[in-house]
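**Student:** prediction below, plus the sequence it came from.
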Amino acid sequence: MPHFSRLTDIVTCSLTEILDEAEDPQQTLREVIDEMEEGLASARRVARTSAANRDRLQKEIETHTGQVAGWLEKAKTSLVAGDETGARMALTRKVEVEDLIDGLKPELDASESNYQNMLRIQKALEARHSEAQRRLVDLTGEPTQVRLESETAIHAVNQSQQEKSSEVEAELEALRRQLGG
């Protein structure tokens, strides 16, 4: 039986309530962890896709920005050569490309926003997943195994754990300085 219908359900869930209502808390917690791992894999896929879209749009905008400069240069060259018609045509193309860029910029902003949102959700899911794993260890006395769908996902978990560890170490050092130690 699925416990969550959306990724945000995982983030906002109360493991205590879920376990208090469960007939078999260990089994329920294992199911919840499985769903969390599926959610994490999904969040990572969406984040990768959003990042790829963002990068593609950035490159496309850069390419078109170069074209704007090229059309402006062509207009100048045509005008210097006395070809006003050629200059008008080049400026018309320049304006068209600028309009295209203006249309792509909101898409780029949306891709970046979606990417940042998925990263926030991913971090929250990872935190909730860690909590669930700790709860399972408390219930069973046995260490848990992370079961994710691919080596890429496992690499992402390891990388995320390294980043989290670095973050913790930096905060620990800041606390030491703050406390004068």
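**Tutor:** On my side now, so go ahead.

**Student:** spell out which residues make up each domain of this protein.
**Tutor:** 7-148, 150-181 (automatic domain parsing).

**Student:** ok, and which of these has the densest surroundings?
**Tutor:** Among the domains of the chain, judged by mean count of other CB atoms under 10 Å, the one packed with the most neighbours on average is domain 7-148 (a mean of 15). Heads up, the C-betas are built off the backbone N, CA and C, glycines and all.

**Student:** hey, C-alpha coordinates of stretch 7-18 in CSV?
**Tutor:** The C-alpha trace of stretch 7-18 is given here as CSV (Å, rounded to 0.1, in the frame of the first residue of the first chain):
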residue,chain,number,x,y,z
LEU,A,7,7.3,13.9,-3.1
THR,A,8,6.1,16.7,-0.8
ASP,A,9,4.1,14.1,1.2
ILE,A,10,7.4,12.4,2.1
VAL,A,11,8.9,15.7,3.2
THR,A,12,5.9,16.6,5.3
CYS,A,13,5.1,13.2,6.8
SER,A,14,5.2,12.3,10.4
LEU,A,15,7.0,9.0,10.8
THR,A,16,5.8,8.8,14.3
GLU,A,17,2.2,9.0,13.3
ILE,A,18,2.7,6.5,10.5
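
**Student:** ok, and what's touching it?
**Tutor:** Identification of contacts with stretch 7-18 by CB atoms under 8 Å, 6 or more residues apart in numbering yields 3-4, 28-29, 32, 35-36, 39, 42-43, 121, 124-125, 128, 131-132, 135.

**Student:** same question for stretch 81-95.
**Tutor:** V68, W71, L72, K74, A75, K76, S78, L79.

**Student:** local confidence estimate at the first one?
**Tutor:** V68 is assigned a predicted lDDT (pLDDT) of 97.

**Student:** which element is it on?
**Tutor:** helix 25-80 (DSSP states H and E).

**Student:** shaky segments in this protein?
**Tutor:** 1-4, 145-161, 164, 181 (pLDDT under 70).
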